[in-house]
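>>> Here you go, sequence then predicted model.
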Amino acid sequence: MRSVLVGLGVLAALTLPAVVNAEIFMYRAPDGSVHFSNAPAKAGYKRYPRQFGFGSGAPMRVVDRPHHSSFDSIINDVAGRRGVDPALVKAVIRAESGFVPTARSPKGALGLMQLMPATARMHKVWHAFDPSQNIEGGVKHLRMLLDKYRGNVRLALAAYNAGHGAVEKYGGVPPYKETVEYIQRVTSYQRHYRAHF
C-alpha cells in the first residue's frame with residue numbers, strides 16, 4: 001500500500017500544471033518506502049533521473065502546487081515593508097526551496113528562503129521553519145545585499161547564493177556554475193511572477 005501511495009503522489013505531482021526544472025533526489029528507506037526531496041537532509045539520497053519515460057529526452061519537470069500561492073500574502077507584506085520586489089522574493093523562494101517550508105539543505109540552510117544558521121541569527125529568525133519568520137529574515141537579507149550592491153540584483157543574488165565574500169573576491173559574479181545558473185533561474189522566475197503574481 002505504501003508504494004502505491006508514493007507512486008500516486010509522484011504521479012499527481014507530475015501531472016499538475018505550471019512546471020519548472022529542478023534537481024530532485026530520491027532515498028529508499030530500509031522499510032522499502034521511497035522519499036523525494038529537492039534539498040536532501042541526510043546521506044543516502046541519490047539524484048533522481050531528470051528524464052521522463054517514453055524516450056522523449058525531455059527534462060524532468062517538477063510542479064508548482066496550488067498551495068504555493070498561500071505564501072503570497074506574507075511575501076507581499078514583508079516585501080512591501082522592506083522595499084523589495086515581491087516577484088523577486090517569490091522567485092528566490094522557488095529556486096531555494098521549491099516552496100517547502102521545512103526544506104533543509106546538506107549544507108544546513110533552512111526553510112523557504114534557505115537561511116544559513118548564522119544568517120538566521122543575524123536577522124533574528126529563531127524559528128527558521130516558520131514561513132513568516134523565514135521570509136522576514138530572507139527579505140531582510142536580500143534588502144541588505146541590494147543596498148550593499150546599490151540595487152544590482154545580479155550581484156545581490158550572487159551574494160545570496162555564494163556569499164558576499166565570493167563576490168568581493170572576484171569583483172562581481174563569481175565564476176561558479178551553480179551561481180551563474182542560480183542567477184539565471186531566479187531572474188527567469190522573477191519575470192514570470194511579475195506577469196502572473
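Cool, got the structure.

>>> these two touch, right, residue 74 and residue 133?
No. Using Cβ atoms under 8 Å, residue 74 is not in contact with residue 133, being 9.9 Å away. Where C-beta positions appear, they are placed from N, C-alpha and C, glycine not excepted.

>>> Residues touching the longest helix anywhere in the chain, excluding its own?
Using DSSP state H to define each element, the chain has its longest helix at helix 177-196. With Cβ atoms under 8 Å, 6 or more residues apart in numbering as the test, helix 177-196 has contacts from 20, 85-88, 90-92, 94-95, 153-154, 157-158, 161-162, 166, 173.

>>> Let's see that with 7 Å instead.
Residues outside helix 177-196 that contact it (Cβ atoms under 7 Å, 6 or more residues apart in numbering) are 87-88, 90-92, 94-95, 154, 157-158, 161-162, 173.

>>> could I get those as a markdown table with secondary structure?
Listed next are these as a markdown table, based on DSSP: H, G, I helix; E, B strand; the rest coil:
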| residue | secondary structure |
| --- | --- |
| 87 | helix |
| 88 | helix |
| 90 | helix |
| 91 | helix |
| 92 | helix |
| 94 | helix |
| 95 | helix |
| 154 | helix |
| 157 | helix |
| 158 | helix |
| 161 | helix |
| 162 | helix |
| 173 | coil |
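
>>> domain parsing for the chain?
Here the domain parsing of the chain from automatic domain parsing is 2-63, 66-196.

>>> Where among those is average confidence lowest?
Mean pLDDT is lowest for domain 2-63 among these, at a mean of 47.

>>> Pull out the buried positions in stretch 93-113.
93-101, 103-105, 109-113 (16 or more other Cβ atoms under 10 Å).
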